[in-house]
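In: Build the 3D model from these lines:
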Amino acid sequence: MNIFLKELKSHRKSLLFWCFGVFLMVLSGMNKYANLYSSQQSMTDVMKDMPKSLQVVMGAGSLDLSKASGYYGMLFIYLLLMATIHAAMLGAGIIAKEERDKTAEFLFVKPVSRTRVISAKLLAALFNLVVFNLATLTSSIALMAKYSKGENVNRDMIILMAGMFILQLLFMVMGSAISSLKRKSKKAPSLSAGVLLLTFILSVAIDLNERLKSLKYLSPFKYFEAKNVMYGGGLDPLFVVISLFLIVAFTSVTYIFYKKRDLTS
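Out: The predicted structure is shown next:
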């Protein structure tokens with residue numbers, strides 16, 4: 001029994017749905033930019049009409065919205081939110097799947113260790129993240145080539161996707177850790193999504209209130225913001241290290257506690 005392939009098969013339709021969804025999001029966003037550009041309406045004027053709080057959250061003061069790359073940078077936060085929700089629910093769901101589907105007894109009577117089961121499931125989840133990330137990158141580069149008017153943005157796209165992948169991986173193992181810790185693992189996906197949304201709300205609060213700036217380490221959404229990564233900024237080494245530490249910690253929690261828990265079938 002190949003657990004890895006079985007998990008890939010069970011998630012293939014969901015993965016296609018998410019990849020198609022991210023393509024539509026990029027397409028609709030860049031179409032909006034093209035419509036504004038063709039109407040000769042200044043994006044600066046558009047942003048001036050928006051509430052100050054919305055301007056801050058969208059990074060209007062740091063991105064050049066007259067360029068396609070700047071508009072994409074504003075769109076990136078929504079792509080990141082979509083990617084991390086997918087990752088968190090995938091990580092939690094793939095661990096809780098056997099108990100949810102009442103197949104735990106069938107799986108664990110086989111001559112296979114829990115460590116091997118966890119490894120196969122996490123590798124399958126990782127494969128899904130890679131495909132999702134590549135789909136986002138490919139869609140972004142292809143559509144930006146159409147709308148960027150010759151602007152060279154491939155490097156910025158690749159760096160942004162690298163940051164997004166780190167956060168995808170972080171939220172995936174956060175979800176798997178929550179699923180391993182929680183006694184009723186069926187609720188783990190919704191709890192993981194809830195934790196993710198809380199960190200996102202915190203990132204918005206930090207943007208709105210400078211006095212909360214010290215809390216940026218508690219919100220992964222502040223680690224690789226487009227307004228800091230683009231235009232030669234790159235990934236902040238400190239946030240890369242923090243992310244890798246959290247990834248290792250959550251992965252360790254997943255292995256340690258899943259091997260100890262009593263499974264219900």
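In: all contacts plus neighbour counts: C-alpha atoms, from now on.
Out: Noted.
In: so what's Arg12 up against?
Out: By C-alpha atoms under 8 Å, 6 or more residues apart in numbering, the contact set of Arg12 is empty.
In: in what helix or strand does it lie?
Out: helix 3-38 (DSSP states H and E).
In: again with Ile85
Out: Using DSSP H and E, Ile85 falls in helix 68-100.
In: tell me what that helix is packed against?
Out: Counting contacts by 3 or more C-alpha pairs under 8 Å, 6 or more residues apart in numbering; DSSP states H and E, helix 68-100 packs against helix 3-38, helix 114-147, helix 154-181, helix 188-208, helix 226-229.
In: The residue nearest the centre of the chain: what's its closest spatial neighbour, skipping adjacent residues?
Out: The centroid of the chain falls nearest to Thr84 when counting by C-alpha atoms, centre = their mean (2.4 Å). Nearest residue to Thr84, sequence neighbours excluded (C-alpha to C-alpha, 6 or more residues apart in numbering): Gln168, at 5.1 Å.
In: Neighbours of Ala96, how many?
Out: By other C-alpha atoms under 10 Å, the residues close to Ala96 number 25.
In: if we can go back for a sec, packed most tightly, which of the helices and strands packed on helix 68-100 would that be?
Out: Comparing the helices and strands packed on helix 68-100 by mean neighbour count (mean count of other C-alpha atoms under 10 Å), helix 154-181 ranks first with a mean of 24.
In: Report the angle between it and helix 188-208.
Out: Counting by axes from the mean of the first three to the mean of the last three C-alpha atoms, to 10 degrees, helix 154-181 lies at 130 degrees to helix 188-208.
In: and helix 154-181 with helix 68-100, angle?
Out: If you take the same axes, to 10 degrees, helix 154-181 sits at 20 degrees to helix 68-100.
In: for the helix holding Ile85, the distance to its chain's centre please.
Out: Put simply, helix 68-100 sits 3 Å off its chain's centre (C-alpha atoms, centre = their mean, to the nearest Å).
In: Ok, stretch 132-146 next?
Out: Mean-position distance between stretch 132-146 and its chain equals 15 Å (C-alpha atoms, centre = their mean).
In: what does it contact?
Out: Against stretch 132-146 from outside (C-alpha under 8 Å, 6+ apart): 15, 18-19, 22-23, 26-27, 30, 68-69, 83, 151, 153-154, 157-158, 161, 164-165.
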